[in-house]
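Student: Got a predicted structure plus its sequence, pasted below:
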Amino acid sequence: MTDNTDNLEIHHLPNGSRLIVEQVPLSAVSLNLWFGVGSALESDDINGMAHFLEHMVFKGSNKLKLGEFERAIESCGGNTNAATSQDFTNYFITVAPENFHRLAPLQLDVVMDTAIPEPEFQRERLVVLEEIRRSNDNPDQRIYRWVSQIAYPHLPYRRCVLGPSAVIENLQPEQMRQFHRSWYVPANMTITCVGNLPAGDMAAVIQDACAQIPSRSAPPLPHYSPEPEFTAREEHTMVDDRLQQARLILLWRVPGLDNFRDSLRLTVLSRVLGGGLTSRLVQDLRETRRLVDSISVSNWAQRWQGIFQVSAKLPIDHVPVVETAICEHLQRLQQELITESEITRIRAQVASQFVFGYESPRDRARIYGYYDRVVGNLSVSRTYPELVNAITREELQSCAQNFLSTQAYARLVASPH
């Protein structure tokens, strides 16, 4: 079954996968495989499995020996990589168009028929443990983990994607094989192909390769209720002697990707407050009053819940006045409509970033895969600027009132002593 959306072809393959293809006049082809599984679907006793498995995929399949896949890609001047998050795992190759027909089936083979041999499992365990050690030595990563635990006392987002060393040290190959069998199934996969080949040719290559992959369904997703919103101002502190400067982080629990409209409005509000040199907090606290060395605002959108976060690097004695100033700016958002010039600026930023984000086949394939498999709405990948343009100033004010309380939030102060 095939659907057409503008110049995208969307195929619903017999084995349950979704295939999205697009021909663009750019001198490469990118193949992305997106799976709706990340560390959030792990139990505590296998935390880190999804990331560890990502490593093992590159160790070969039952057809391809160790290193054979990478040599095939690199010998043609292509590249390959992967990423694991809380909500997804993504694999990709980017190759010359003339090599796509030969290399794309290899990508599908190593991912879907991963061998997980015992000797390589033991060797790669040491690599992952070293990655965890480096992460533990990084103060920014330690702060991120602390923020996650404050925001998510119950949701699995509280855990690190890499997992703890104690868990990784005890994982067994058969556990990983079972995890792979459960989640690396066609029904849990979106395949995106973008590049300088006819869409029908790319689709035919993938369809032929997928004909060898039997249909299987993934386990049902667990049901997680969002964490309740903060009901009071919570204070948290941490001391880290590796920090060069104090950090102030304010955070709110906000809607996740299952409430995309509000999540998008919160993203716009994050730009009003901290999106560039002319944003409110940057202008006030860094450029005018010189109270912070840097300040940023983000809306982390994840499947079950998001975090709206304001983060500043500053002298420790500036923390009280900066916290007060941030709350004053939030109160202003709740009491007054943002200006026309501000929303015009943000619309221009989004439009520009949208264009730049679609420059390469890899960028386009990544965006299509993310919105189809993780957000669950491919059309958003094509209409993002229009959705932002449709947001009214009144909606932004209401969103600030509903989700960004100045009386109920969590505050983390991290300092070197």
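Tutor: Cool, got the structure.

Student: now the strands for the stretch 301-417 of the chain?
Tutor: Under the criterion DSSP state E, counting those that start in this stretch, strands of the stretch 301-417 of the chain are mapped to 306-314, 409-415.

Student: Also the chain?
Tutor: Counting by DSSP state E, the chain has strands at residues 2-5, 8-12, 18-23, 29-35, 79-84, 89-95, 189-195, 233-239, 246-254, 294-300, 306-314, 409-415.

Student: how far away is the residue lying closest to residue 99 once chain neighbours are set aside from residue 70?
Tutor: Spatially, and ignoring its direct neighbours in sequence, residue 99 is nearest to residue 76 (4.5 Å; C-beta to C-beta, 6 or more residues apart in numbering). Just so you know, the C-beta spots here come from the backbone N, C-alpha and C atoms, and that holds for glycine as well. According to C-beta to C-beta, to the nearest Å, residue 76 and residue 70 sit 11 Å apart.

Student: quick one on the thing from earlier: turn the strands of the chain into a markdown table, columns for mean pLDDT.
Tutor: Formatted as a markdown table, the strands of the chain follow (pLDDT from 0 to 100):
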| stretch | mean pLDDT |
| --- | --- |
| strand 2-5 | 52 |
| strand 8-12 | 96 |
| strand 18-23 | 97 |
| strand 29-35 | 98 |
| strand 79-84 | 96 |
| strand 89-95 | 97 |
| strand 189-195 | 98 |
| strand 233-239 | 96 |
| strand 246-254 | 98 |
| strand 294-300 | 96 |
| strand 306-314 | 98 |
| strand 409-415 | 97 |
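
Student: Give me the domain ranges for this protein.
Tutor: 2-210, 233-415 (automatic domain parsing).

Student: For the last one, what is the distance to the chain centroid?
Tutor: Chain-centre distance of domain 233-415: 16 Å, with C-alpha atoms, centre = their mean, to the nearest Å.

Student: picking that back up, most tightly surrounded among the strands of the chain?
Tutor: Among those, ranked by average contacts under mean count of other C-beta atoms under 10 Å, first place goes to strand 189-195 (a mean of 28).

Student: Partner strands of that one and their direction?
Tutor: strand 18-23 (parallel), strand 29-35 (antiparallel) (DSSP bridges).

Student: Out of the strands of the stretch 301-417 of the chain, flag the one nearest residue 370.
Tutor: Closest approach to residue 370 among the strands of the stretch 301-417 of the chain (C-beta to C-beta): strand 306-314, 15.2 Å.

Student: Adjacent strands (with direction) for the closest one?
Tutor: In the sheet, strand 306-314 lines up with strand 246-254 (antiparallel), strand 294-300 (antiparallel) (DSSP bridges).

Student: Export the ones you listed as JSON lines, with columns for distance to residue 372.
Tutor: JSON lines is the format used below for the strands paired with strand 306-314 (distance: least, C-beta to C-beta, whole Å):
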{"stretch": "strand 246-254", "distance to residue 372": "23"}
{"stretch": "strand 294-300", "distance to residue 372": "20"}
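
Student: Leaving out the residues flanking it, which one is nearest to residue 56?
Tutor: Nearest non-adjacent residue to residue 56 (C-beta to C-beta, 6+ apart): residue 116, at 5.3 Å.

Student: neighbours around the one you found, how many?
Tutor: Neighbours of residue 116 under the rule other C-beta atoms under 10 Å: 21.

Student: how close does it get to residue 93?
Tutor: 21 Å.

Student: now swap in residue 368 and tell me
Tutor: In terms of C-beta to C-beta, residue 368 sits 15 Å off from residue 93.

Student: picking that back up, just to check, the residue nearest to residue 56 is in contact with residue 178?
Tutor: No: assessed by C-beta atoms under 8 Å, residue 116 is found out of contact with residue 178, at 10.2 Å.
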